[in-house]
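Visitor: pasted the sequence and its predicted model underneath.
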Amino acid sequence: MPRYALKVEYIGTAYSGWQCQKNGVSVQDTLENALSKVFSQNIKVTGSGRTDVGVHSKGQVAHFDAEKELKTYNLIRGVNVFLPGDIAVTDAKIVADSFDARKSAINKTYIYKMYVSSFRHPFLDIDHKQVYKQPDILAMQKAAKYIEGKHDFKCFMSTGSNFKTTVREVYSCTVTQQDNEIFITVNGNAFLYNMVRTIAGTLLFVGMGKISPDDIPKIIESGNRALCGKTLSANGLTLIDVQY
């Protein structure tokens with residue numbers, strides 16, 4: 001039984017997240033249904049991790065086992081026929097049986113996108129959060145450097161989560177701006193529930209002058225969620241890449 005690894009791109013707006021849900025259509029459900037038609041058998045996939053309701057992906061990775069071997073080009077073309085327009089498989093390869101899309105991952109990169117405008121822009125609204133006034137990018141960049149490193153990131157986790165440990169390592173956290181678009185890019189070994197969206201919200205609070213950049217280390221040390229910024233809307237977040 002060959003094991004396949006897929007790269008999956010999707011706009012998450014219409015879905016209840018990546019993972020299969022009892023109440024709602026997920027990206028995983030939709031992908032499994034399409035693959036089952038291609039292989040004429042029941043296919044179950046394992047993703048590199050969850051993306052929440054409304055979050056997008058340009059680099060989700062998933063693996064599955066099948067009873068027959070297909071050329072990867074034919075697999076990509078075939079499965080995309082059965083997928084809706086907001087989901088597509090963009091790459092596929094046959095991998096070793098030991099490969100696991102979740103357990104074999106070394107790091108992941110997310111990007112949170114905003115645009116600065118007093119008026120809405122529907123095309124940008126798909127995967128950006130609107131910000132009405134220009135934030136202080138230099139202050140946000142200074143604050144972002146404090147987030148890098150190995151810390152207990154409990155303060156950036158939404159309530160109701162259940163993790164054995166809230167210690168994670170962020171390899172890089174950067175803030176850039178091009179014209180009216182702002183990009184917060186975070187790369188790390190793993191992430192807590194809503195962690196990137198809360199980091200983005202906290203950095204935006206810094207940019208708005210509500211939090212000082214030098215307060216970030218004390219906020220992290222405190223573990224107090226109430227000291228952080230808001231958890232920003234899901235539509236601005238995209239999983240960009242998973243490294244193995």
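Guide: Here it is on my side, so go on. Numbers count the residues shown, from 1 in each chain.

Visitor: how much space between the residue lying farthest from the centre of the chain and Asn74?
Guide: Farthest-out residue of the chain from its mean C-alpha position, per C-alpha atoms, centre = their mean: Lys68, at 31.3 Å. Using C-beta to C-beta, to the nearest Å, one gets 11 Å for the distance from Lys68 to Asn74. In this view, the C-beta of every residue, glycine as well, is placed from N, C-alpha and C.

Visitor: show me how the protein divides into domains.
Guide: With domains defined by automatic domain parsing, the chain comprises 3-95, 107-243.

Visitor: give the rounded mean pLDDT of the first one.
Guide: Okay, so that is domain 3-95. For domain 3-95, mean pLDDT rounds to 96.

Visitor: ditto for the last one
Guide: The average pLDDT for domain 107-243 rounds to 96.

Visitor: ok, longest strand in the chain?
Guide: Longest strand in the chain, counting residues (DSSP state E): strand 167-178.

Visitor: now it: buried residues?
Guide: Neighbour counts over strand 167-178 (16 or more other C-beta atoms under 10 Å) mark Arg168, Val170, Cys173, Val175 as buried.

Visitor: in its sheet, what does the helix or strand containing Gln130 sit against?
Guide: Counting by DSSP states H and E, the element that carries Gln130 is strand 129-131. Sheet pairing of strand 129-131 (DSSP bridges) gives strand 107-116 (parallel).

Visitor: now the partner strand: how far from the chain's centre is it?
Guide: For strand 107-116, the gap between its own C-alpha mean and the chain's C-alpha mean amounts to 8 Å (C-alpha atoms, centre = their mean, to the nearest Å).

Visitor: could you check which helix or strand contains Phe205?
Guide: Applying DSSP H and E, one finds Phe205 within helix 195-207.

Visitor: cool, and Arg120?
Guide: For Arg120, there is no enclosing helix or strand under DSSP H and E.

Visitor: that one: neighbour count?
Guide: Residues near Arg120, counting by other C-beta atoms under 10 Å, number 9.

Visitor: list the contacts of it.
Guide: Shown in contact with Arg120 (C-beta atoms under 8 Å, 6 or more residues apart in numbering): Gln130.

Visitor: which residues in this protein form helices?
Guide: Secondary structure of the chain, counting by DSSP state H: helices at 27-39, 72-82, 122-125, 137-147, 195-207, 216-222.

Visitor: quick one: closest of those to Ala234.
Guide: Nearest to Ala234 among the helices of the chain is helix 195-207; the distance by C-beta to C-beta comes to 7.0 Å.
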